[in-house]
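Asks: predicted model and sequence below, questions to follow.
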Amino acid sequence: MNEKQKKALALEYKHGFDAAPRVLAKGTGHIAEEILAIARREGIAIHEDKDMIEIMSTLDLNDYIPPELYRAVAEVLVFIYAAKGRR
C-alpha cells in the first residue's frame, strides 16, 4: 500500500450502551475519501492526526477502543465538542 494514501476511521459511542467508543468504519484511499465525504455531508466533526490513525487502523470494525487509547480518544472528543461550540 502507498504510504501517502489517505486513511480514515470513524468512531461511534452510544452513551449507556457501549462500554467504550468502537470502530464504525475505516479505510484507505477511495474508502477513506468516502468516509470523510459522509462525515462532511452529515456535519460530523473531522479530526486529523496521522499518529492516531496509524495506531487505530490496526483495530477491526466494531472493535472497542482499548483502555490504553482512552486518553487519545478523550482528546479527540474535546476537539469535537470545542468545534461544535464554535458553530
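Replies: Good, I have the coordinates. Residues are numbered from 1 along each chain as shown.

Asks: now the residue nearest the centre of the chain: phi and psi?
Replies: The centroid of the chain falls nearest to A10 when counting by C-alpha atoms, centre = their mean (3.7 Å). Dihedral angles of A10 (phi, psi; degrees, to the nearest 10) stand at phi -110, psi 130.

Asks: surely it touches G27?
Replies: No - A10 lies out of contact with G27 (C-beta atoms under 8 Å); the separation is 9.4 Å. The way it works is simple: take the backbone N, C-alpha and C, and place the C-beta from them, glycine included.

Asks: which residues do these two both contact?
Replies: Shared between the contact lists of A10 and G27 (criterion: C-beta atoms under 8 Å, 6 or more residues apart in numbering) are residues I35.

Asks: burial measure for the closest residue to A83 other than its chain neighbours, as a count.
Replies: Distance criterion C-beta to C-beta, 6 or more residues apart in numbering; nearest residue to A83, sequence neighbours excluded, is A45 at 4.7 Å. Counted with other C-beta atoms under 10 Å, the burial measure for A45 works out to 15 neighbours.

Asks: quick one: contacts for A45?
Replies: A45 is in contact with A39, F79, I80, A83, K84, counting by C-beta under 8 Å, 6+ apart.

Asks: which element, helix or strand, includes the second one?
Replies: F79 is part of helix 70-86, with elements assigned from DSSP states H and E.

Asks: which of the residues in that helix are buried?
Replies: The neighbour-count criterion (16 or more other C-beta atoms under 10 Å) identifies V73, V76 as the buried residues of helix 70-86.

Asks: right, I'll leave it there.
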